[in-house]
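[1] sequence below, structure please.
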Amino acid sequence: MVIGILGGGQLGRMLALAGYELGLRFRFLDPSPKAPAGHVGDLVVGDYLDPAAVDRFAAGCEVITYEFENVPVEAVKKLAARLPVYPPVRALEVGQDRIAEKTLFASLGLEVPAFRAVGSSAEVRAAAREIGLPAVLKTRRMGYDGKGQAVIRTEVEMEAAWARIGEHPGGLILEQMVAFERELSVISVRSRSGEMRYYPLIENVHAGGILARSTAPAPRVSAALRARAESAARAVAAHLNYVGVLTLELFQVGERLLVNEMAPRVHNSGHWTIDGSVAGQFENHVRAVAGWPLGSTAMAAESVAMMNLVGHIPDRAAVLEVPGAHLHLYGKSPRPGRKVGHITIAGSTADVKAAEARLATIVQRS
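    Sure thing, here's the model as predicted:
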């Protein structure tokens, strides 16, 4: 079976690496000839809206998926008229628009931060009076890793934020800034038959808007909190008739969980599953879209941590010398703010904490 993947970044690369062990083959469509997935599969270079490139990409594929949610919906709809596409187009549409996301969550009875769609500086001021400050002004579309957003604490910051991102063609959203205790994510996978499985809740720490570290299982998680997270994922997946890996990003406030965003794809906070679970998120995504039984989401170690490598690659020998550490590089040239790889550490909780501290020193001095 040949699976076509829209996008040739590191997520597509890791999907293929997981799928090859199952005897699958992969083809990628990406505008860049330097897309890192091209190192591990057939790369068609072309625009997502170029009919000739799309035809070359789709020829011989049996099913289509995507590795990021900013693929043009128009292109995916055209492919869906020819081939099965998973996750479904509706999930992509929702995942591209923060207003659509939060509207869907609220309609399903899930708690979300207060939000308003805004289209002018006057509407930002009016929304801020309703929601209160501090708040976050975000682009409705295309923002990721802290891009396309600005924290607003004062009237002066409000004007500066509007001047910086107010003319974004996709529109904006003003969201209440939540005084959360921590950020969590729940990663689930749903098969074509509707079976769902869930990985343990994950605790995430960000730096500069980019995920820096994930820990699984998240410590201090009650059974009720985990059930609430899984129920939210199940509600969203059932509503969308979802197939594949689905991630919900969550804010924890006491025993409350506020749903912030969804990612209709494999997710950075789930990279630990490659080395730390029986069947990782990449393997389970390709199993789901291929129509095969799902693998176990049980952990293969007591504790697992994931550290993102952003902007530079540390000394490889030093990293690999740390017990329990697994180095994953994406074949990307380092530059400031760019994710170039990650490290996972699996083992006992005490051993993982010790390894994290040692690795932090290695990464900092590189």
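[2] use CA for all of it now, contacts and neighbours both
    OK.
[3] residues near residue 316, how many?
    A total of 13 residues lie near residue 316 under the criterion other Cα atoms under 10 Å.
[4] how about the one 5 residues further on?
    With neighbours defined by other Cα under 10 Å, the count for residue 321 comes to 11.
[5] got it, and residue 16?
    Residue 16, neighbours per other Cα under 10 Å, totals 25.
[6] double-check that it belongs to a strand.
    No: assigned with DSSP: H, G, I helix; E, B strand; the rest coil, residue 16 falls outside any strand and is helix.
[7] right, and it touches residue 39 too?
    No: at 10.4 Å, residue 16 and residue 39 do not qualify as touching, with contact defined as Cα atoms under 8 Å.
[8] alpha carbons only: can I get the lowest-mean-pLDDT helix or strand in the chain in CSV?
    Lowest by mean pLDDT, DSSP states H and E among the helices and strands of the chain is helix 155-165, with a mean of 82. Once non-C-alpha atoms are left out, helix 155-165 reads as follows in CSV (Å, rounded to 0.1, in the frame of the first residue of the first chain):
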residue,chain,number,x,y,z
GLU,A,155,-4.3,49.8,26.3
VAL,A,156,-0.9,50.6,25.0
GLU,A,157,-0.1,46.9,24.3
MET,A,158,-3.5,46.6,22.7
GLU,A,159,-2.7,49.2,20.1
ALA,A,160,0.8,47.8,19.5
ALA,A,161,-0.6,44.3,19.0
TRP,A,162,-3.1,45.5,16.5
ALA,A,163,-0.4,47.4,14.6
ARG,A,164,1.7,44.2,14.4
ILE,A,165,-0.9,41.6,13.4
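[9] can you name every helix or strand that it contacts?
    Helix 155-165 is packed against helix 121-131, strand 135-139, strand 149-152, with contacts defined by 3 or more Cα pairs under 8 Å, 6 or more residues apart in numbering; DSSP states H and E.
[10] pick the most deeply packed of these.
    Highest mean neighbour count of the helices and strands packed on helix 155-165: strand 135-139, a mean of 25 (counted as mean count of other Cα atoms under 10 Å).
[11] and that one, what's its mean pLDDT?
    The average pLDDT within strand 135-139 is 91.
[12] can you give the contact residues for it?
    Strand 135-139 is contacted from outside by 128, 148-153, 161, 165, 168, 170-177, using Cα atoms under 8 Å, 6 or more residues apart in numbering.
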